[in-house]
Each structure stands twice: as structure tokens, then as C-alpha cells.
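K.L.:
here you go, sequence then predicted model.
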Amino acid sequence: MLKVTLQNTGLVVLLLLLGDFVSGWFHYSTPHHSGKTASDTEEQSCFCHLTGVLDDCYCDIESIDVFNNFKVYPLIRKLTARDFFRYYKVNLKRPCPFWADDGHCAIKDCHVEPCPESKIPVGIKSGNYNKYSKAVNTDLSDLSDLSECEQAQNLGAINSTLSNQSKEAFEDWARHDDAQDHFCELDDETSPDAEYVDLMLNPERYTGYKGPSAWRVWNSIYEENCFKPRSVYRPLNPLAPVRGECVSEAFYNWLEGLCLEKRVFYRLISGLHSSINIHLCAEYLLEEGWGKAVWGPNAQEFRRRFDPAEAKGEGTRRLKNLYFLYLIELRALSKVAPYFERAFIHLYTGNTRQDSSTKDLLLQILNETKAFPMHFDEKSMFAGHKIEAKTLKEEFRLHFKNISRIMDCVGCSKCRLWGKLQTQGLGTALKILFSEKEIKNLPENTPSKGFQLTRQEIVALLNAFGRLSTSIKELHNFRTLLEEHR
């Protein structure tokens, strides 16, 4: 699907001149205006149009702000700090499948510190560690004596006390080929290169990764995977033969002419891009000296990427797409609630007391999502002629799966980690939304082959939604910060 061609010398030279166009791996390509003193009106222009009802749904931004900032954000922040959700197994050494590897970023802030291999218990290496039900594990009474990293690994070792029926069920799960349900290229967790990473110790923030390598990743995503013909150029694309309003007008005329499904696809990718940029602005390296580095919000950097004047009118659209993506993942959480409400599902780590409170906290969040009154209606998608709808859905899935493969081309390890996790989280959300029938038919007291989630998918889903929730909360923080500097 992804057509990778050799770049000619002229293009390489052009990319090398674009270093400031991509000041950070997930940055949008926006012109940099240095030395500009913004007026009070300009300082607020990042938000003056960020209001009202979103396109393609019946929800307004103000309702999402209140719901997220006061109800969801405090809970999801607490949940993602729990042991079950803070450890994510990922292979950061997979080669890029589409072009020659540029080599990994040498910037120290790009580095990811995994849990050492020597700390991983034998049981998790030899067992079916994907499963998260309590039945898969023993009750490790001496878990408190283990190091924090070792505790992370005891998330699912198979125990000999399992009944034969349970063993057969888990083996059947392992054999089950659910490739048609996956929207992501999943890492092989049995690979020796797959390692557990503590997400709390490797936070997503600005790393300084930029330049042609970073630009090429997002250009490949947008230009070759968002159903866009090559004759249509994205606004602010430095490769566009012409610049200005005519490019923007042609692009949005094309976008509005797409079917709902393809338009949704673009908005999801743009929303993800926007969310990641907000994280980088909120956790920016403000000071680095002989002492400890200081990280915090950079209002100027935020304005540069999202102010309508700086971003040539694109800032508000980008932020609205973030809210749209939030609604999509919020809807997925509300739909998957019955899966977790079953009594035999446990988020097992071995710490019985914490495991119980973790599930209670998760159910509290899911109940909040179910109570939200203005959900996106996923039934409006793939609702046409049966054969055409099936073909379109498969095309949608394959395009997104291809994007998940592009994440292995990111040169910065920390950027790759969070890119892979958030892509898998969104892919899991899409899997849930299009598995409504299977979820409704889940057996109450036994495992199901019809619909299942691995521990990795659960960790990615909740952390990805946590990142979106944080982005919307950070928008409130930036609004306050800009007001204070008026």
C-alpha cells in the first residue's frame, strides 16, 4: 500500500533545508516568526474560534472541556499510574519496513530506559503473559519483596492450578487468528527485542528530535495513507508547487467531498498529531544547566503551532480534530464497558488489594464514559451497501495498520515508544467500535473467542485515552497561561 520511492537529489537537498519546519519529530510544518510581540488579542487567538459544535458529530467543545477536566482527567491520571497500566511491552528495535534506516537519534532525551532483561522472571518468558485474568496467575504473596521492575513482569505467568478447561480456553485464544480484527501491526511480544518499559519513568515530552527524518514520517502518513490523491496538497506542505489560500481551499474542498469514513480517518490522524504536539509544548525543556533539567509549558511554542496567524489558519482545525479523536476513543470506552464488568476479569499484577482497587477505578471511568450524553454515532459509518461497506472498512483498517508500521521508522526511541502506544490505543478503540455485535454476545462467566483484548491492547487503550485527556486539560492550562501574560 505504501509506495516508497527513492528520493532524488533535489528533494534530499530540500528536506535538509526544512530543519526548522519540523522542530520536534511530531511538529506540524509551520513557519517560524522570531521576535514577534503578540498583542492581547493575538495571545488569545489560539482559542477564540475553538468553540461550538464539532463537524461530523453533535457535540460541542465546551461540554467536552467540562466533562474531561472535572470528571475524567483526575481519574484517568490516577489509573495510568497504577502498576497494571504503567508497564508496556514494546519492541523499539524493529527496522523500518519502508526505507533505509536513518539511524537512531543520539539526543539523550530520546533514550528509553527499559526494565533490564535480568530482572524479568522466568515465568513470564515461558508463559502466556498476554492474558490478564487472575486465573492465569498465582497469588504471589512475596511480590512486595520484588523490585518495582520485577513486579512489572509478573503480569501473567501461567499456573499449574488452572483447570483443563481454562488451559484449553487460553490455548485456543493463543491459536485464534484475529488478524482481521486488528487495526495495528502488533509487536511480537516473544521477540528477544521486546522489552517492558515503565511509562512513568519515560514520559512523553519534547526531545529535540527534528529534521528530514521526522518530517518524512508524517509526510508518509498524510500523503500516502489518508486516501489523498497526489494532486491535492495539504496546507503548509513545503513540497506544494504553490502556497497560500488556494492550496488550503482546494484541500478542504477535497476533504469535504469525501465519504464520512475517509473524512473521519483524516481527522483521527490530524487529531493524534495535534495531541502529541500539545504534549511536547506542555513538557518542553525550559532550562538545562549543571543542575536538574526543568520541564514545563512553553506558551510561545504552543502559539507557534496553533495560533491561526502563525499556522496560517490551520491551528483551530487541528485542535478541533483533537476533540473529535477524543470523542472517538471516549465512545470506544463506553462500548467496551461490558467486557470489563464481568466478574472473572481481573487486572492482575499479584498485589491483590491494588488489583481490586484498580479494577474499581477502571469501572468508575467506564461508568463516566457511559453517562456522557453526546457520543459519536459510529453506526453512521460503513452503513451503505453491504459489499461496498465491507470493502471500505477493510481499506480503512489496512490504511491504519500501515500507519502503525510507519511508527517503526521514527528515529527517536522515546517518540517511537509513545507513537506506537498511541497508535495501538487508537487501533484498539477502532477494533472495539466495529465489534459491537461480538461485545453484546459476550458470555457472562467464561472467556470468549469472539472478542478479546490482550493486556497490551488494554494498556495502550487506556494510556492513549489518558494522553488525549491530558491534551484537553493542557489546553485549559495554556489558555490560563496566556491570560496571565496579557
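P.N.:
On my side now, so go ahead.

K.L.:
neighbours around L201, how many?
P.N.:
13 (other C-beta atoms under 10 Å). C-beta: built from backbone N, CA, C; applies to glycine.

K.L.:
using PDB, list the CA coordinates for stretch 373-382.
P.N.:
The C-alpha trace of stretch 373-382 is given here as PDB (Å, rounded to 0.1, in the frame of the first residue of the first chain):
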ATOM      1  CA  PRO A 373     -24.700  12.400  26.700                       C
ATOM      2  CA  MET A 374     -23.300  13.400  23.300                       C
ATOM      3  CA  HIS A 375     -21.300  10.400  21.900                       C
ATOM      4  CA  PHE A 376     -20.200  10.000  18.300                       C
ATOM      5  CA  ASP A 377     -22.500   7.700  16.400                       C
ATOM      6  CA  GLU A 378     -20.300   5.000  14.900                       C
ATOM      7  CA  LYS A 379     -23.300   3.400  13.300                       C
ATOM      8  CA  SER A 380     -23.300   6.100  10.700                       C
ATOM      9  CA  MET A 381     -20.000   4.600   9.400                       C
ATOM     10  CA  PHE A 382     -19.900   1.700   6.900                       C
END
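
K.L.:
average model confidence for that stretch?
P.N.:
With pLDDT averaged residue by residue, stretch 373-382 scores 86.

K.L.:
strands along the protein, start to end?
P.N.:
Remark: strands assigned in the chain by DSSP state E are 87-91, 194-198, 284-287, 294-296.

K.L.:
show me where the stretch 151-300 of the chain has its helices.
P.N.:
164-175, 212-225, 245-256, 260-282, 299-306 (DSSP state H, counting those that start in this stretch).

K.L.:
in the top helix by length along the chain, which residues are buried?
P.N.:
Of all the elements of type helix in the chain, the one with the most residues (DSSP state H) is helix 455-484. Across helix 455-484, burial judged by 16 or more other C-beta atoms under 10 Å covers 455-475, 477-479, 481-482.

K.L.:
measure how buried H346 is and give me the count.
P.N.:
Under the criterion other C-beta under 10 Å, the count of neighbours that H346 has is 19.

K.L.:
what do you get for R405?
P.N.:
Based on other C-beta under 10 Å, the number of other residues close to R405 is 18.

K.L.:
that one contacts D187, correct?
P.N.:
No. If you go by C-beta atoms under 8 Å, R405 and D187 don't touch, sitting 11.0 Å apart.

K.L.:
sorry, back to before: out of the strands of the chain, which one sits most buried?
P.N.:
When the strands of the chain are scored by mean count of other C-beta atoms under 10 Å, the highest mean neighbour count falls to strand 87-91 (a mean of 22).

K.L.:
spatially nearest residue to K440 (excluding sequence neighbours)?
P.N.:
P338 (7.6 Å; C-beta to C-beta, 6 or more residues apart in numbering).

K.L.:
check the gap between the one you found and E438 for me.
P.N.:
Going from P338 to E438 by C-beta to C-beta, to the nearest Å gives 11 Å.

K.L.:
and those two? Which one has more around it.
P.N.:
Neighbour count, other C-beta under 10 Å: between P338 and E438, E438 has more, with 17 against 14.

K.L.:
list the contacts of that one.
P.N.:
448, 450-451 (C-beta atoms under 8 Å, 6 or more residues apart in numbering).

K.L.:
if any of these are buried, give me the PyMOL selection for them.
P.N.:
Typed into PyMOL, the line below selects the buried ones among the contacts of E438, using 16+ other C-beta under 10 Å:
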select buried, resi 451
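
K.L.:
low-confidence ranges in the stretch 101-250 of the chain?
P.N.:
101-109, 111, 115-181, 239, 242-244 (pLDDT under 70).

K.L.:
quick one: pLDDT of the residue nearest to K440?
P.N.:
95.

K.L.:
measure it to L236 for me?
P.N.:
43 Å.

K.L.:
N463 now?
P.N.:
Relative to L236, and taking C-beta to C-beta, N463 is found at 30 Å.

K.L.:
mean pLDDT lowest where, among the strands of the chain?
P.N.:
strand 194-198 (a mean of 86).

K.L.:
by contact count, what packs against it?
P.N.:
Under the contact criterion of 3 or more C-beta pairs under 8 Å, 6 or more residues apart in numbering; DSSP states H and E, strand 194-198 touches strand 87-91, helix 148-153.

K.L.:
and the first one, which strands flank it?
P.N.:
The partner list of strand 87-91 in its sheet, established with DSSP bridges, is strand 194-198 (antiparallel).

K.L.:
now the angle from the partner strand to helix 455-484?
P.N.:
Relative orientation of strand 194-198 versus helix 455-484 (axes from the mean of the first three to the mean of the last three C-alpha atoms, to 10 degrees): 40 degrees.

K.L.:
strand 194-198: how far from the chain's middle?
P.N.:
17 Å (C-alpha atoms, centre = their mean, to the nearest Å).

K.L.:
residue contacts, I221?
P.N.:
269, 403, 406.

K.L.:
that older thread, the residue nearest to K440 against I439, yeah?
P.N.:
Yes. Look at P338 against I439 with C-beta under 8 Å: they come within range, at 6.0 Å.

K.L.:
neighbours of the nearest residue to K312 once chain neighbours are set aside, just the number please.
P.N.:
Nearest in space to K312, with sequence neighbours left out and distances taken as C-beta to C-beta, 6+ apart, is L236 at 6.1 Å. For L236, the neighbour count with other C-beta under 10 Å is 18.

K.L.:
what's the distance between L258 and D355?
P.N.:
On the measure of C-beta to C-beta, L258 and D355 end up 45 Å apart.

K.L.:
so the two - more neighbours on which side?
P.N.:
Neighbours of L258 and D355, each counted by other C-beta under 10 Å, are more numerous for D355; the result is 20 against 15.

K.L.:
let me know the pLDDT of the more buried one.
P.N.:
85.

K.L.:
isn't it right next to L362, touching?
P.N.:
No. Counting by C-beta under 8 Å, D355 stays clear of L362, with 10.7 Å between them.

K.L.:
which residues does the spatially most central residue of the chain contact?
P.N.:
Nearest to the geometric centre of the chain sits Q422, at 1.8 Å (C-alpha atoms, centre = their mean). By C-beta under 8 Å, 6+ apart, the residues touching Q422 are 272, 275-276, 460, 463-464, 467.

K.L.:
rebuild these as TSV, extending it with pLDDT.
P.N.:
Below are those laid out as TSV (pLDDT from 0 to 100):
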residue	pLDDT
L272	97
S275	97
I276	95
A460	95
N463	98
A464	98
R467	98
